[in-house]
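Q: quick one, structure for this:
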Amino acid sequence: RAVVEWFSSRKSCFDMADLNHLDWDGEAIRLFGQMSGDNRKTLKIEKVSAAPYLKLRHENAIFDHIKDPSFLKYIKRKIRKLEKDFTVVFKTVQTGEELNRYFPDFVKLNVMRSRDKLQRGIFRNDKVVGMFQRIARQFLNEGLLRFHVLLLDREVVACLFNFIWKKKEYFYQSGIDLAYRKYSVGHLCHFYAIRS
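A: Below you'll find the model as predicted:
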């Protein structure tokens, strides 16, 4: 109901809304149709049963890949190569000034990665970018943001937009510079975040 009310109060802002990842039941669809009023003819809601997230089979499933000896050797090899070729700095944003400095790099790298995957990505216009920047600032002020940056020779090559909830850090979005793909900077940014 909260989603329906929020969307209905702002429906003039949208040409299209992709609502597939909400768990719609018949009552929610009926309510949405009622509240959407004039937009009913252009409104399309598909009820889907597949969850957009990964369900783990058992408690340790997420660590299976990390504990794989060949994967660990691969990561160590990549780190040696990276640290041999570049001055590596990994930092977690602590201040609003740092957030303002690195957030545009994150957006640019996220867009680059999305286009490479032939996806639209989340940063589709300036309104969305502004919204995420405001959320990041609020999360930073409340101690919930974990915005990590990997720099090689002072150039930002990977970013992680993570957040803290109930004493756990969750990965949400990332961005990587495709020019450094051979170094696996995405994997290594996660590695440095876990290590820190």
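
Q: for the rest of this, base every contact and every neighbour count on C-alpha atoms.
A: Noted.

Q: OK, contacts around residue 122?
A: residue 128 (CA atoms under 8 Å, 6 or more residues apart in numbering).

Q: that one falls within a strand, correct?
A: No. Inclusion of residue 122 in a strand is not indicated when DSSP: H, G, I helix; E, B strand; the rest coil is applied; the result is coil.

Q: the longest strand seen in the chain packs against which elements?
A: If each strand of the chain is counted by residues according to DSSP state E, the longest one is strand 155-165. Based on contacts counted as 3 or more CA pairs under 8 Å, 6 or more residues apart in numbering; DSSP states H and E, the elements that strand 155-165 packs against are helix 96-116, strand 145-152, strand 168-176, helix 185-195.

Q: just want the most central residue of this protein.
A: Ranked by distance to the mean C-alpha position of the chain (CA atoms, centre = their mean), the top residue is residue 173 at 1.5 Å.

Q: can you find the helix or strand in the chain with the smallest mean pLDDT?
A: Lowest by mean pLDDT, DSSP states H and E among the helices and strands of the chain is helix 26-36, with a mean of 69.

Q: mind listing what's buried along the longest strand of the chain?
A: With burial defined by 16 or more other CA atoms under 10 Å, the residues of strand 155-165 counted as buried are 156, 157, 158, 159, 160, 161, 162, 163.

Q: okay, the angle between it and helix 185-195?
A: With axes from the mean of the first three to the mean of the last three CA atoms, to 10 degrees applied, the angle from strand 155-165 to helix 185-195 works out at 50 degrees.

Q: strand 155-165 pairs with which strands, parallel or anti?
A: Based on DSSP bridges, the strands next to strand 155-165 in the sheet, each with its direction, are strand 145-152 (antiparallel), strand 168-176 (antiparallel).

Q: quick one: that strand to helix 96-116, angle?
A: 100 degrees.

Q: quick one: contacts of strand 155-165?
A: Applying CA under 8 Å, 6+ apart, the set of residues contacting strand 155-165 is 102, 105-106, 109, 139, 143-151, 169-177, 180, 185-186, 189-190.
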